[in-house]
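> sequence and predicted structure, then a few things I'm wondering about:
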Amino acid sequence: MRQRHRPTGDPAVPAIRILPVLALLLLISAIAAVAYAAPTTTLHIVKYAVDGTTILNETTVDYRWLEANLPVLGDGTTHYYHQGPVFADDKEAQWDVNETANFKDRGAVKGTDIKDLSNLVGGMMPGDEVMVKAPDGYHVEFAYENVYDPQPRQGPIVICWYNGEETAEGERQGVGYPPEYHAGMRLVFFADTSVNPEGRHVFGNNDMREVMPPAAIHLFEDLYPSTSGYTVKWVDDIRVYTGGYNGTKGVLAKSLEEKAVTPATTQASPLPTAAGIGGIFFAYLILWRRS
């Protein structure tokens, strides 16, 4: 029997062979997404010198140690809220002074004040800044005054490692300690109720305008004020910068992408399913065998 040979220049040959490679890359990407989107249980805390690179002190602790050794904020029943963007044409209305719209329930959380975390490595002085960072690269920075002398309408800035009650609507947090608390560890402002007409613990957009330095105000899409932009999920790094942080601030990443329209349905855990990753791997094996 005569064998049919495909012409050497036929582009279908490399196309078939590259399919398994593409599938493998998809698998690797999915695994990387799992690593980034995982609840965190430990914090690396470090203090840098004025040059921003020399380490003056550092330590690593887990949430069990934090609960046992540092003051615990929150009672596991009181819910704390941030505010998302208010989409209004009028610039002043976007600040929503009366706190009427787009609350983001962060759960009935407990956690540790970043002031106490900073003190583990030598603390902060006026002019210093502290960075709160997630594994995917998202980070936010706060000045000494907001950490050590917060106004009541802002409240302490807390790294939360426990949620005692699920949110009634919106993003699901998970209940318990990480990994059951699958949004944790998460940054939440423990605002008081002094300016909220409904008596809720809301850190609103106008609160942000009143207490934050202009450079630290978070704007969704660079247009709309939103304190929700501070609530970093999956925190694993606390960095104290002597004299302030001089790098790029507020680098956006997948841990905290806000949407213009909040879904009416609740959200499940952010982790990709094992079935999805298994499907990609199975597809890779089939394509590899066929090539």
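Cool, got the structure. Residues are numbered from 1 along each chain as shown.
> switch to C-alpha atoms for all contacts and neighbour counts from now on
Will do.
> so who does Glu58 touch?
Counting by Cα atoms under 8 Å, 6 or more residues apart in numbering, Glu58 makes contact with 44-47, 121.
> if we go to 7 Å?
Taking Cα atoms under 7 Å, 6 or more residues apart in numbering, we find Glu58 in contact with 45-47, 121.
> output those as JSON lines; include the columns pLDDT and secondary structure.
Below are those laid out as JSON lines (pLDDT from 0 to 100; DSSP: H, G, I helix; E, B strand; the rest coil):
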{"residue": "Ile45", "pLDDT": "98", "secondary structure": "strand"}
{"residue": "Val46", "pLDDT": "98", "secondary structure": "strand"}
{"residue": "Lys47", "pLDDT": "98", "secondary structure": "strand"}
{"residue": "Val121", "pLDDT": "98", "secondary structure": "coil"}
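> which of those sits closest to Lys133?
Set against Lys133, the nearest of the contacts of Glu58 by Cα to Cα is Ile45 (10.5 Å).
> grab the nearest non-local neighbour of that closest one.
Nearest non-adjacent residue to Ile45, counting by Cα to Cα, 6 or more residues apart in numbering: Ile238, 4.7 Å away.
> roughly how far does Gly137 sit from Lys233?
11 Å (Cα to Cα, to the nearest Å).
> now Arg239
16 Å.
> ok, these two, which is more surrounded?
Set Arg239 next to Lys233 and count neighbours by other Cα atoms under 10 Å: Lys233 wins out with 30 against 22.
> who touches that one in this structure?
134, 183-187, 255.
> for it, what are phi and psi?
Per-residue torsions, Lys233: phi -90, psi 160 (degrees, to the nearest 10).
> could I get the pLDDT score of it?
Lys233 is assigned a predicted lDDT (pLDDT) of 97.
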